[in-house]
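1. Next come a sequence and a model predicted from it.
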Amino acid sequence: MVYLEYLASLSFAPSESTILYTAEAKKSEAKDPFEKFRFNPDFGEGLVGKKRPVTFIFRWDSSHQSRINDSGKPKYTLNELKSEDVRFGQALFSPNSDRIIYATGYEITMDGRMLGLKACYNRPNGIWQLHLPEQRPERADKLDTAVVAVTSEKLTPASLSCRSPRTFSHDGASTLVWLGRTTGGAHNGASALYSLDISSDSDTSRSLQYTDKPLVPILKDDIPSSPRVFPGLYPSCNLPSSPPVVDLASGPSIVVHSQWGSRTTVLLISTQDGTVTDLTPSSEEEELYSWTVLATDGQSHVVCQRSSTSVPYEIMLGHFDDAGRLSWHLIDKPYLPAHSKLFSILWTHTQLYHLNIFSVFIIESTRPCLLSALLSCRSQTDTQPKRS
């Protein structure tokens with residue numbers, strides 16, 4: 001069983017001869033007859049039954065001369081990464097080495113429980129660095145899984161609950177970014193965006209210099225002074241799976257979507273100083289759309305989807321010019337038989353005076369209300385004389 005969203009992994013190594021993924025491990029045939037009765041916690045609501053996420057490493061020989069072994073079959077290996085006390089997911093390779101992996105580690109509590117993950121971003125999770133051994137077992141004739149012990153190091157402190165590691169490279173430097181917030185407290189509160197320079201991670205003699213100062217911190221004020229003031233970072237479970245970076249004249253910037261008031265908006269975050277810019281169109285009509293970042297090309301384009309209560313998902317392409325100005329272009333929209341009925345629904349969004357955390361949506365229709373017509377018919381039926 002391959003995981004989705006909360007635990008999923010799919011990453012190519014820099015050499016493009018290795019790929020990793022996360023899947024549920026098979027139950028081992030233990031000799032102990034009581035083993036099956038021992039408590040093994042799962043990941044809670046929405047992830048019931050998912051108990052042992054395991055990172056698998058699939059390798060193949062990329063050299064043309066040794067691609068075929070003596071039996072005439074391709075050379076490949078499948079390795080299962082062994083970890084005892086921590087369960088890893090959301091893993092990805094370092095851009096600098098085939099032997100270094102970054103992953104989210106899910107830790108079991110002292111009383112043996114695994115706290116639920118879905119919409120709970122305050123759990124004891126951290127960002128870990130995993131080192132693969134230099135030598136690997138060979139499996140050339142058949143796809144047997146060999147268990148490999150890895151050396152692991154936790155990069156984040158226990159006081160932080162972290163998730164969604166992502167990497168990108170720019171001008172010879174490599175950066176690791178992730179989401180985090182204080183362990184405990186609100187389950188689905190604001191998150192901070194952290195970054196770490198991993199340019200030297202392939203040098204095992206040097207340790208990474210972690211800093212507890214986030215690129216985008218959690219705001220101290222709970223209620224913004226105005227609906228236009230950035231309320232803090234409220235992203236979904238993960239950052240976009242592809243490197244969510246665009247290369248602008250001011251330097252590389254991260255593109256994410258985040259909850260802002262009653263909708264989801266697209267934000268541009270500078271990796272230089274953490275400056276946050278709202279990229280979502282702000283016209284009265286556009287304020288009804290919610291946006292999701294799908295991918296970037298790493299240069300000047302970003303692909304998003306948007307939708308509203310009366311408009312199905314549309315695909316939007318954003319382009320940054322040399323001056324950093326953004327223009328949006330609609331590149332695809334669906335056609336549904338119910339389009340005309342959806343377009344007859346009119347939505348109006350109003351912010352309550354002096355209450356910036358509340359919004360009022362007024363629903364109107366350009367057509368006679370079906371419910372009113374049904375009530376009218378029922379009323380006429382009730383007033384007709386009954387036949388004896």
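-> That came through, no problem.

2. Would you confirm that I57 belongs to a helix?
-> No - secondary structure of I57 (DSSP: H, G, I helix; E, B strand; the rest coil): strand, not part of a helix.

3. Is there a neighbour count for it? I'd like the number.
-> For I57, the count of nearby residues is 24 (other C-beta atoms under 10 Å). Bear in mind the C-beta positions are built from the backbone N, C-alpha and C, glycine included.

4. Once you drop chain neighbours, what's closest to it?
-> Beyond its immediate neighbours in the sequence, the residue positioned closest to I57 (C-beta to C-beta, 6 or more residues apart in numbering) is N79, lying 4.4 Å away.

5. Helix or strand, whichever it is, which one in the protein has the lowest mean pLDDT?
-> For the chain, scoring each helix and strand by mean pLDDT, DSSP states H and E identifies helix 370-383 as the least confident one, at a mean of 44.

6. still on that earlier bit, show me which residues of the helix or strand hosting the residue nearest to I57 are buried.
-> When elements are defined using DSSP states H and E, N79 is found to belong to strand 76-82. Buried residues in strand 76-82, counting neighbours by 16 or more other C-beta atoms under 10 Å, are found at 76-77, 79-81.

7. residue ranges with poor pLDDT in the stretch 1-150 of the chain?
-> Within the stretch 1-150 of the chain, the stretches falling below the threshold (pLDDT under 70) are 1-4, 30, 62-75, 135-144.

8. Name the residue closest to the centre of this protein, please.
-> Among the residues of the chain, N238 comes closest to the average C-alpha position under C-alpha atoms, centre = their mean, at 1.7 Å.

9. ok, and the closest non-adjacent residue to that residue?
-> For N238, the nearest residue in space outside its immediate sequence neighbours is S164; the separation is 4.3 Å by C-beta to C-beta, 6+ apart.

10. Please report the distance of Q272 from F58.
-> Q272 sits 37 Å away from F58, going by C-beta to C-beta, to the nearest Å.

11. Neighbour count: those two, which is higher?
-> F58 (15 against 11).

12. Report the contact partners of the more buried one.
-> 18-21, 76-78 (C-beta atoms under 8 Å, 6 or more residues apart in numbering).

13. Turn those into a markdown table, including distance to N188.
-> Putting these into a markdown table (distance: C-beta to C-beta, whole Å) gives the following:
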| residue | distance to N188 |
| --- | --- |
| T18 | 35 |
| I19 | 32 |
| L20 | 29 |
| Y21 | 27 |
| Y76 | 42 |
| T77 | 40 |
| L78 | 37 |
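
14. of all these, which comes closest to W128?
-> L20 (13.9 Å; C-beta to C-beta).

15. Counting by contacts, list what the helix or strand containing the closest one packs against.
-> Taking DSSP H and E as the definition, one finds L20 inside strand 18-24. Helices and strands touching strand 18-24, as assessed by 3 or more C-beta pairs under 8 Å, 6 or more residues apart in numbering; DSSP states H and E, comprise strand 10-12, strand 53-60, strand 86-93.

16. from the chain's centre, how far out does the host helix or strand of M316 sit?
-> When secondary structure is defined using DSSP H and E, the element that contains M316 is strand 314-320. Using C-alpha atoms, centre = their mean, to the nearest Å, the mean C-alpha position of strand 314-320 is found 20 Å from that of the whole chain.

17. Export the following helix or strand past that strand to PDB, keeping only CA atoms.
-> As assigned by DSSP H and E, the chain's next helix or strand after strand 314-320 is strand 326-332. What follows is strand 326-332 as a C-alpha-only set of coordinates in PDB (Å, rounded to 0.1, in the frame of the first residue of the first chain):
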ATOM      1  CA  LEU A 326       3.000  38.700 -12.500                       C
ATOM      2  CA  SER A 327       0.300  38.200 -15.100                       C
ATOM      3  CA  TRP A 328      -2.300  35.400 -14.900                       C
ATOM      4  CA  HIS A 329      -3.700  33.500 -17.900                       C
ATOM      5  CA  LEU A 330      -6.600  31.000 -18.000                       C
ATOM      6  CA  ILE A 331      -5.400  27.900 -19.900                       C
ATOM      7  CA  ASP A 332      -8.100  25.400 -19.200                       C
END
